[in-house]
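> Got a sequence here, can you build the structure:
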Amino acid sequence: MDAFFMSKMNELHLETSPYLLQHANNPIHWKAWNANTLELAKNQNKLIIISIGYSACHWCHVMEHESFEDNEVASTMNANFISIKIDREERPDIDAVYMKAVQIMTGHGGWPMNVVTLPDGRPIWGGTYFRKNDWINSLERLQEIYTDQPQTILDYAEKLYEGLQSVSIISKNDSENSFNFEIIDSLVSKWQKSFDWDFGGMARAPKFMMPTNYEFLLRFGYQTKNQTLLDFVNLTLTKMAYGGLFDTIDGGFSRYSVDLKWHVPHFEKMLYDNGQLVSLYANAYKLTGNNLYKEVIEKTLHFVEKEWLNIEGSFYSAFDADSLNADNQLEEGAFYVWTKPELQRLLQEDFDLFSVIFNVNAFGFWEHENYVLIQNQSLEEIAKLENISLETLILKKKYWEQILYTEREKRSKPRLDDKCLTSWNAIMLKGYVEAYKATGNQNYLNIALRNADYIIKNCWTPEGNLKHSYKDGTRGGAKQSEAKATINGFLEDYAHVIQAFISLYEVTFDENCLQNAKQLTDYTFDNFYDEKAQFFSFTSYQDDPLITNLFEVEDNVIPASNSVMAEALFKLSIYFENSYYEKICRQMVQNIVPTVDYPSAFSNWLNVLLHFSEHNKELAICGINAIEYLEKLNKNYFPNIIIAGNVSVSKLPFLENRFSDKETLFYLCQNKTCDIPTSDFKKIIKEIPAKI
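Residues are numbered from 1 along each chain as shown. So this is what the prediction gives:
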């Protein structure tokens with residue numbers, strides 16, 4: 001098949017991504033990002049359109065319907081451009097590079113993201129969502145300039161390229177001085193000015209959950225005995241659990257809310273959000289004993305197991321925001337919302353009490369006669385106001401939710417993104433581990449172990465590298481195609497898998513988990529670490545380079561892959577007594593922390609910084625009853641401790657010569673100095689918390 005004919009086809013039917021397959025019947029001659037496509041653009045000297053989105057993105061679907069399904073748009077795009085469609089979840093590296101370009105050009109970013117580049121990939125123009133006529137007019141004008149005044153575009157491309165290169169440079173700090181922990185106090189003080197003391201979270205809309213922020217604030221508040229911070233985290237977690245953001249009927253969180261009160265979400269549910277939030281709520285439950293948090297954990301993991309866990313032990317990626325409404329049309333949130341007559345019919349004589357709890361009133365009204373269920377009072381408060389026992393109200397709430405669940409299951413469910421991303425699976429694995437620590441539910445650990453086995457068997461190649469994306473070949477439990485692992489792994493895959501293996505060690509003391517983590521860590525040094533930059537590149541050196549190198553350092557809705565690596569390096573440096581790991585971790589943190597201006601974008605780095613505090617400790621539990629004591633220990637919130645242990649003789653450097661078959665001994669260490677071992681567990685429990 002010759003290159004000319006290939007250039008005239010929509011080639012997305014050859015892909016596995018559900019998002020790309022959604023565009024396979026567009027009249028646009030879409031192509032995937034690959035060497036052949038890029039070479040074609042150079043050979044034909046055509047501008048490239050790079051359009052990036054993801055399957056759960058509502059406005060991506062809107063632009064597809066308005067523009068990419070339109071023959072007039074197709075005529076413009078097909079005549080003069082090489083058009084590439086990209087699933088941002090499959091290629092976060094490409095997304096990050098061009099998102100930075102769009103932010104430089106427009107001052108903001110988002111999805112869908114659309115960029116026009118030179119044939120060599122250097123961007124010249126871009127933005128997010130475009131209406132049909134604006135899109136056509138912009139493309140036609142760009143093509144006209146490229147034809148008549150090419151030097152104008154080339155000059156602009158070079159300036160933008162220089163700007164991209166400059167923002168990828170991270171300043172170095174070669175000082176060997178000790179860390180300045182006082183910077184955390186000043187940053188948190190500044191941060192508090194943005195706190196929303198009515199509904200929690202930051203005082204702005206839209207409102208993203210940012211789990212890493214609250215993991216840090218919970219830890220810092222606990223270690224410094226700052227009740228104000230602890231109250232704020234608890235307010236935030238409570239209001240998120242009350243809001244329409246959390247699906248009280250079937251569990252799971254949507255990606256963000258469009259308002260200040262966590263009420264109306266952008267209705268897509270993402271695996272990475274739910275994995276992180278389970279970890280966060282598990283830690284908060286350990287600290288507070290708040291049964292609302294336990295309910296959130298149990299409902300969310302029930303949803304994940306029911307809807308996203310497949311027969312191979314991996315997790316699917318997302319539920320779409322859109323689903324079919326009663327008129328068989330795709331509509332955002334159609335699966336989740338309720339009308340008042342519908343609720344009255346289902347709940348009958350209980351409707352009035354239900355309305356008090358879930359605000360079937362002006363507070364809970366959304367639009368078009370639809371309500372999104374939201375609490376604004378605790379059940380304890382409502383029970384007193386309504387003169388009903390709390391136990392009765394709890395039972396009624398469960399009963400109502402079951403009624404609504406049964407009714408809702410009759411509706412068309414949101415579309416499923418059934419690709420399995422390695423990094424997101426590892427995040428969810430860790431969520432299951434943290435839930436097991438907090439609740440002791442053995443099923444949670446079993447699922448985590450199954451998922452680890454899936455990663456090892458299907459995502460970790462004999463050559464030592466991870467694959468980023470996997471399709472199991474099933475849909476609805478039935479085999480439809482051959483399983484397929486694709487795309488060489490990114491740093492985020494390695495960082496989160498390493499962290500997941502470490503978390504499994506923390507509940508099993510299976511040293512194979514640590515050996516796996518170490519093997520992957522050494523692979524990242526060989527294939528990702530940049531000694532000049534003193535950070536890990538996001539993309540492996542085995543892959544074709546993009547127009548600029550990417551070092552992911554800002555924590556976002558998912559923590560930066562470099563900050564996750566730093567945390568893993570710190571822990572592994574202790575387990576293996578590896579000074580090189582510690583040196584690299586320390587250097588990374590020293591480079592980042594002095595540059596921090598807005599802590600919400602560096603909260604995981606601040607968490608790693610706390611590991612270097614004199615209040616951080618290590619504990620070795622050695623003896624035949626080590627697991628029994630470990631389970632008791634893990635039910636406590638001790639963020640300042642790294643745990644190791646064994647039930648037999650170990651060669652792990654941190655545990656060597658510490659096992660006794662006569663008794664279980666506890667070795668509590670601080671600043672690489674260990675106390676005399678003791679068999680008194682109660683004494684250890686008292687000494688672990690940070691004393692400030």
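> Residue 686 and residue 680: what is the separation?
9 Å (C-beta to C-beta, to the nearest Å). Yep, even glycine has a C-beta here, placed from its N, CA and C like the rest.
> and after the worst-scoring helix or strand of the chain on mean pLDDT, which helix or strand comes next?
In the chain, no helix or strand scores lower on mean pLDDT, DSSP states H and E than helix 3-6, which sits at a mean of 40. Helices and strands here follow DSSP states H and E; after helix 3-6, the next one along the chain is helix 18-22.
> What segments of the stretch 551-692 of the chain are helices?
561-575, 579-592, 603-611, 626-634, 681-687 (DSSP state H, counting those that start in this stretch).
> What are the buried residues along the fourth one?
By neighbour count on 16 or more other C-beta atoms under 10 Å, the buried set for helix 626-634 is 626-627, 629-630, 633-634.
> Can you measure across stretch 542-562, start residue to end residue?
In stretch 542-562, first residue to last residue: 19 Å (C-alpha to C-alpha, to the nearest Å).
> roughly how far out does that stretch sit from the chain middle?
14 Å (C-alpha atoms, centre = their mean, to the nearest Å).
> And for stretch 298-309?
16 Å.
> now the helices for the stretch 301-450 of the chain?
Under DSSP H, counting those that start in this stretch, the stretch 301-450 of the chain gives helices at 340-347, 351-358, 379-385, 390-408, 422-439, 442-454.
> Can I get the fifth one in PDB? Just the C-alpha atoms.
Going back to what we said before, that points to helix 422-439. Output of helix 422-439 as PDB, limited to C-alpha atoms (Å, rounded to 0.1, in the frame of the first residue of the first chain):
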ATOM      1  CA  THR A 422       0.100   0.200  34.600                       C
ATOM      2  CA  SER A 423       0.600   3.400  36.700                       C
ATOM      3  CA  TRP A 424      -3.100   3.700  37.500                       C
ATOM      4  CA  ASN A 425      -3.300   0.000  38.400                       C
ATOM      5  CA  ALA A 426      -0.400   0.500  40.800                       C
ATOM      6  CA  ILE A 427      -2.100   3.500  42.400                       C
ATOM      7  CA  MET A 428      -5.300   1.400  42.900                       C
ATOM      8  CA  LEU A 429      -3.200  -1.500  44.300                       C
ATOM      9  CA  LYS A 430      -1.800   0.800  46.900                       C
ATOM     10  CA  GLY A 431      -5.300   2.000  47.700                       C
ATOM     11  CA  TYR A 432      -6.300  -1.600  48.400                       C
ATOM     12  CA  VAL A 433      -3.300  -2.100  50.600                       C
ATOM     13  CA  GLU A 434      -4.000   1.000  52.700                       C
ATOM     14  CA  ALA A 435      -7.600   0.000  53.000                       C
ATOM     15  CA  TYR A 436      -6.500  -3.400  54.300                       C
ATOM     16  CA  LYS A 437      -4.200  -1.800  56.900                       C
ATOM     17  CA  ALA A 438      -7.100   0.400  58.100                       C
ATOM     18  CA  THR A 439      -9.900  -2.200  58.100                       C
END
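> Report the mean confidence score over it.
Per-residue pLDDT over helix 422-439 has a mean of 98.
> Repeat that for the third one.
What helix 379-385 shows for mean pLDDT is 96.
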